[in-house]
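J.: what follows is a protein structure lacking sequence information:
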């Protein structure tokens, strides 16, 4: 079940919100949310909910064990190692088994041996997210950064909480520990949650889906039909699609969290206005990059060793970061590509970039990220290279059946303009400035004006956005009858 | 903070939450109380029904997906929301809300996917494909000539061919011949009579509205022009310019939406004047048989003029209504029409026409299979040819709830012996195969009820056969799978088919025949 579906929006969500509102005690609300979250997962993944339940039970038990061994460092270390092995083993079995088998088979065939026979393994949705969450709990316990959770239901709720279950943000136990046991909801928080959720939904339905339609059309073209204009249009559309899709989902997750009284950390901070790739990774999928930083990069030694060691750490982290995004070499290349930029930025190249005028810094980041997205989106490495060649002017398409002008319709152009503005902190900056000025101004009339402006946004703009999203949902189910289809 | 301000802020926040809650609940409420305005949407499928609850693993596994499909179709306000989305996209964003329709300039709409391929000329026929098509039409023509039937191919231009100036400005066209150019040239080289309306309409368009703005089809006066051209070609063998046409006018009553407006779900708001042609059929035309307006359906129009010829018209949606056919029908004693572009030799033989007119609009040529299985139809032509030597197709199609495919081919006690079912016409590679005939027999005595076989080369080579009688172990009145293993030798098998020959001696239903490698 995805948030942008009729079943979620018009059946599941109202029922869960209603239940949460009516249940008088926190324990009951937690149990209700746990049941709802398991149902949410089982609805899409059916029997694979057992995988998540196994992960919950496993890490709950390992957590207790680590806590039990807290005074025996060596024993705790062994339990931690077991937790890492079991969690990564489970992730590897479901996510990377086919990838490994395919590559091993290719190697065996190269050596003239029979390839491996492995039936396709289903990838349970969200397994990368809940495995990392559960693992961070055990590691934090080992480090003494988190309190042990003795109630298995509460721990189950932490792992399975549906707003962030299938697409993040990756929530650390220590960040929600207190909220599970003690949290308050209020009308103010609920209203803020609604606002954030609707904005996220609009990002997904209005922006990301429009960009996706264009990006899919271009990336589905055979390379010989690409023109330079098409390739640039496709790459730009995909860059905006992935940002609004992912950040929209995070917004919805954060907004829903507020509605239920949870506070998840921010996951995006306008990554396309970054001034370096290093800065980009501080703004893009923050919960993942900080996870890798805290649980892999720093334990490896971070940047405290020699430059060579730091370089190795960076490359390893980004190799795994790429692999985390998907079991395919294009993701690995994408990860290594970013790792390479981070390495470069630690050299004199970084100093050079830092001295550039700010617009050039942004241009550098956008160009580098755009090229990276081509690797990320392409189905194969040759397709990515052909696509990049087309972007560089070496295109072979005649542009008759499809050219960039056909894609830049009024709707796409308007959405693109809106997307460009929404991808920058322009609107929040204006809002913050107005707010600041009004706070400095003690006159009541100004305060009322600000309040009326917010009212217009909350009661006119947001409902209109929501209705438009509902229209798009309805439109997605409409299939006109073509009676002259002979 | 101003004392009233915090109260107001609290009210605003409460209202925000309540409005959101209301929006979440409106669809459920509408499912119960049905208060949303209901706009009829013209969908090409039956809306999904609620899934059946069953306690099997498979049913439970399918339940979420089936329920989501159902709820996507059933959630309250769906039609209302869809209509408003279409309207906003068309009026405000000035775009077509569906890829099926192209929004042209000055309010003109065009049918999207198929017409675009023809317009942009991006996919000309490969030489082999064109040769196959020409061969097919030549085979049909030869067959008809043996039956003393005139054959006319009528090619109707796309709207975008006649009115390209209203197509969207951003479309490009390849400097290549269109598929229509290629096919018309190839058929004319084969000596067929082809009435190509493109040059005629190109001339007439200056003074006559030939197509509606909001519809993909021609106006009634355009059909008058086309039928005159067909009749003239039967006399002269060439396509003449239209002669004097009946008076016509555009009328605001009724305003019509057009199929393209309907396709966008905007038929309630987009309408245009309809064309009225001041013409009465003389002699009068009566419709003696009408299966209604749907693909594959048949109609028969008749006049009281016994000296006039019999015609068969195979057509697409351009000639689908009785009134539009009247200008053509007045020239025939009987005009039997079928909405199809797949020639059925049995039907033609049954009608025994003097003239066969095969009408199609050029946009169908964007689909490689637009004329059906060419090899199959050619095979059928050979079968029907063999009718003079005793070949006879017997039986009727009957709707049957027990049938896997919905209907069966049935022979009853009164059905004469003959071929109940045949076809397939595939070229098979060497190997072992098995044909499965799903039959239900009710033998009346000890005589053979049927013979099933697998043959190649239009029945010239029998690969396997089996005679069915009471000793075959068939249970009377029960559906049975009769299996017939066969081997295709190293030389392969061309035009292979499965056949069921009804021998009399009872009743026989055939549901389907299938084959494959075991």
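T.: That came through fine. All of these numbers come straight from a predicted model, not from anything done at the bench. Residues are numbered from 1 along each chain as shown, chains lettered A, B, ... in the order given.

J.: in what helix or strand does residue B:275 lie?
T.: Assessed by DSSP states H and E, residue B:275 sits inside strand B:272-277.

J.: residue A:384 contacts residue A:374, doesn't it?
T.: Yes. Taking contacts as Cβ atoms under 8 Å, residue A:384 lies within contact range of residue A:374: 5.3 Å. Where you see a C-beta, it was placed from the backbone N, CA and C, and this is true even at glycine.

J.: helices along the stretch 51-200 of chain B, start to end?
T.: B:57-74, B:78-91, B:113-120, B:127-146, B:159-162, B:179-189, B:197-204 (DSSP state H, counting those that start in this stretch).

J.: show me where pLDDT drops low in the stretch 251-400 of chain B?
T.: Across the stretch 251-400 of chain B, residues meeting the criterion (pLDDT under 70) sit at B:293-294, B:320-323, B:383-393.

J.: enumerate the residues of it near chain A.
T.: The stretch 251-400 of chain B comes close to chain A at residues B:259, B:263, B:264, B:265, B:295, B:316, B:317, B:340, B:341, B:364, B:367, B:370, as judged by Cβ under 8 Å from any Cβ of the partner chain.

J.: circling back to that earlier point, I'd like the helices of the stretch 51-200 of chain B as a markdown table, with mean pLDDT and distance to chain A appended.
T.: What follows is the helices of the stretch 51-200 of chain B, written out as a markdown table (pLDDT from 0 to 100; distance: least, Cβ to the nearest Cβ, whole Å):
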| stretch | mean pLDDT | distance to chain A |
| --- | --- | --- |
| helix B:57-74 | 85 | 4 |
| helix B:78-91 | 90 | 4 |
| helix B:113-120 | 86 | 6 |
| helix B:127-146 | 89 | 16 |
| helix B:159-162 | 95 | 12 |
| helix B:179-189 | 95 | 14 |
| helix B:197-204 | 94 | 17 |
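
J.: what ranges in the stretch 301-450 of chain A fall below the confidence cut-off?
T.: A:439, A:441-444.

J.: rewinding a little: in ChimeraX, how would I select the buried members of the residues of the stretch 251-400 of chain B next to chain A?
T.: A single ChimeraX command is used to select the members of those judged buried by 16 or more other Cβ atoms under 10 Å in any protein chain shown:
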select /B:259,263,264,265,316,317,340,341,364,370
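
J.: the domain parsing of the chain - what is it?
T.: Here I'm looking at chain A. A:6-183, A:190-407 (automatic domain parsing).

J.: meant chain B, my bad for not saying
T.: According to automatic domain parsing, the ranges for chain B are B:1-25, B:126-159+B:173-210+B:220-243+B:277-382, B:392-516.

J.: who wins for proximity to residue B:308 among the helices of the stretch 51-200 of chain B?
T.: Among those, the nearest to residue B:308 by Cβ to Cβ is helix B:127-146 (18.8 Å).

J.: name the helices or strands packed onto the closest one?
T.: With contacts taken as 3 or more Cβ pairs under 8 Å, 6 or more residues apart in numbering or on different chains; DSSP states H and E, helix B:127-146 sits against strand B:150-156, helix B:179-189, helix B:374-385.

J.: ok, residue A:8 touching residue A:2?
T.: Yes. Counting by Cβ under 8 Å, residue A:8 touches residue A:2, with 6.5 Å between them.

J.: can you list the residues of the stretch 251-400 of chain A near chain B?
T.: Residues of the stretch 251-400 of chain A lying close to chain B by Cβ under 8 Å from any Cβ are A:398, A:399, A:400.

J.: could you tell me whether residue B:486 really is in a strand?
T.: Yes. The assignment for residue B:486 by DSSP: H, G, I helix; E, B strand; the rest coil puts it in a strand.

J.: contact partners of stretch B:110-124?
T.: Defining contact as Cβ atoms under 8 Å, 6 or more residues apart in numbering or on different chains, one finds that stretch B:110-124 is touched by A:400-401, A:484, B:96, B:98-102, B:104, B:158-161, B:164, B:166-167, B:171-180, B:182, B:216, B:260, B:263, B:362-367.

J.: hmm, try it at 6 Å
T.: Residues from elsewhere that reach stretch B:110-124, judged by Cβ atoms under 6 Å, 6 or more residues apart in numbering or on different chains: A:400-401, B:99-102, B:104, B:158-160, B:173-174, B:176-178, B:216, B:362-363, B:366.

J.: next one: stretch A:365-385
T.: Contacts to stretch A:365-385, defined as Cβ under 6 Å, 6+ apart, come from residues A:219, A:235, A:238-239, A:274, A:277, A:280, A:330, A:333-334, A:337, A:341, A:387-388.

J.: please apply the same query to stretch A:124-144.
T.: With Cβ under 6 Å, 6+ apart as the test, stretch A:124-144 has contacts from A:45, A:48, A:51-52, A:55, A:59, A:62-63, A:66-67, A:76, A:80, A:83, A:87, A:91, A:94, A:146, A:159, A:165-166, A:168, A:170, A:172-174, A:291, A:295, A:324.

J.: cool, stretch B:470-478 as well?
T.: The list of residues contacting stretch B:470-478 from outside it, by Cβ under 6 Å, 6+ apart, reads B:441, B:442, B:443, B:446, B:480.

J.: okay, the domains of chain A in a markdown table with mean neighbour count next?
T.: A markdown table is the format used below for those (neighbours: other Cβ atoms under 10 Å in any protein chain shown):
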| stretch | mean neighbour count |
| --- | --- |
| domain A:6-183 | 18 |
| domain A:190-407 | 19 |
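
J.: figure out which of the ones you listed is closest to residue B:91.
T.: For residue B:91, the closest of those is domain A:190-407, at 17.8 Å, according to Cβ to Cβ.

J.: start to end distance for that closest one?
T.: 39 Å (Cα to Cα, to the nearest Å).

J.: same check on stretch A:3-12?
T.: Taking Cα to Cα, stretch A:3-12 runs 10 Å from one end to the other.

J.: just how off-centre is it within its chain?
T.: Stretch A:3-12 sits 20 Å away from the centroid of its parent chain (Cα atoms, centre = their mean, to the nearest Å).

J.: pLDDT (mean, whole number) over that stretch?
T.: Stretch A:3-12 carries an average pLDDT of 91.

J.: that older thread, could you dump the contacts of stretch A:365-385 to TSV with secondary structure and distance to residue B:223?
T.: Below are those laid out as TSV (DSSP: H, G, I helix; E, B strand; the rest coil; distance: Cβ to Cβ, whole Å):
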residue	secondary structure	distance to residue B:223
A:219	helix	44
A:235	helix	49
A:238	helix	48
A:239	helix	52
A:274	coil	64
A:277	helix	66
A:280	helix	63
A:330	helix	55
A:333	helix	60
A:334	helix	59
A:337	helix	62
A:341	helix	66
A:387	helix	49
A:388	helix	54
